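Student: generate coordinates for the sequence data below:
(chains A and B)
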Amino acid sequence: MSEVITTALTGPAPEVHITKDMVRRGLIVAPALVAVCGVVWGMAGAASSAYGIAIVLVNFALAAMLVASTARISLGLMMGAVLFGYLIRLGLIMLAVLLVKNAGWISLPALGATIIVTHLGLLIWELKYVAISLAHSGLKPARP
Amino acid sequence: MEAFAHFVATAADDKATAAASSAGFAYGLAAIGPGIGIGYIVGKSVEAMARQPEAAGMVRTTMFLGIAFTEALALIGFVVFILIK
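Tutor: Next up is the predicted model:
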């Protein structure tokens, strides 16, 4: 038990690297997602899609920042921060959506679809490269 | 006739209130499962990193992705909540 409280991880933070990758890929695919939502739901759909992508990317960045900063202090603190961070991030997402729910430029189906598709899509996309790295830890697969 | 109109309006209000509370309750339920899952993932990862700090990089990578995948369940619950609210 004492190891969990006293152990701190001082090396590089892989979650920051992963998140930077996901944000970069998210920004690459954002125009396509916004265009698709714009075609299906109109201007409101395009704006909602952009807003949804921003929510997902900020959520990833916050999660990575929380893990990276607390792991340098203690593993026990990291565990607490991740668990409370989950609640706080869900609350922030809820707040971000409820604040604009009745705005004229929001289309809730577009926003919801974008949040789910972007979150899962970026994770699956990143997982491919992480899986290759873990299987061949000495190799550096080319990243698109 | 007026009393009937009032009854219909009240019933519609009650229905909207019930729908909103049910959606909130469903979202609360949808957030419990991922919460348990994330707690389990992080607990086991912390245990692994404390035992074997040299494998921390690999463990942190898989932990972070595991957390994000588990969180997707809560996000799906949230999206259903905002769509039916």
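Student: the bottom helix or strand of chain A by mean pLDDT?
Tutor: helix A:2-6 (a mean of 67; mean pLDDT, DSSP states H and E).
Student: what does chain B give?
Tutor: helix B:2-51 (a mean of 84).
Student: so for the next helix-or-strand element following that one, mean pLDDT?
Tutor: As assigned by DSSP states H and E, the chain's next helix or strand after helix B:2-51 is helix B:56-84. Throughout helix B:56-84, pLDDT has a mean value of 90.
Student: count residues in the vicinity of A:P31, would you?
Tutor: 11 (other CB atoms under 10 Å in any protein chain shown). All C-beta atoms are positioned from the backbone trio N, CA, C, and that covers glycine.
Student: if we can go back for a sec, the least confident helix or strand of chain B and chain A in contact?
Tutor: Yes - where contact is defined by CB under 8 Å from any CB of the partner chain, part of helix B:2-51 touches chain A, namely B:31, B:34-35, B:38-39, B:42-43, B:46-47, B:49-51.
Student: return the distance of the longest helix belonging to chain A from the chain's centre.
Tutor: In chain A, with assignment by DSSP state H, the single longest helix is helix A:14-71. Distance of helix A:14-71 from the chain centroid (CA atoms, centre = their mean, to the nearest Å) equals 6 Å.
Student: do it and chain B meet at all?
Tutor: Yes - under the criterion of CB under 8 Å from any CB, chain B is reached by helix A:14-71 at A:14-15, A:18, A:60, A:63-64, A:67, A:71.
Student: which residue sits closest to the residue nearest the centre of chain B, ignoring its sequence neighbours?
Tutor: Residue closest to the average C-alpha location in chain B (CA atoms, centre = their mean): B:A31, at 2.3 Å. Nearest residue to B:A31, sequence neighbours excluded (CB to CB, 6 or more residues apart in numbering or on different chains): B:A74, at 4.9 Å.
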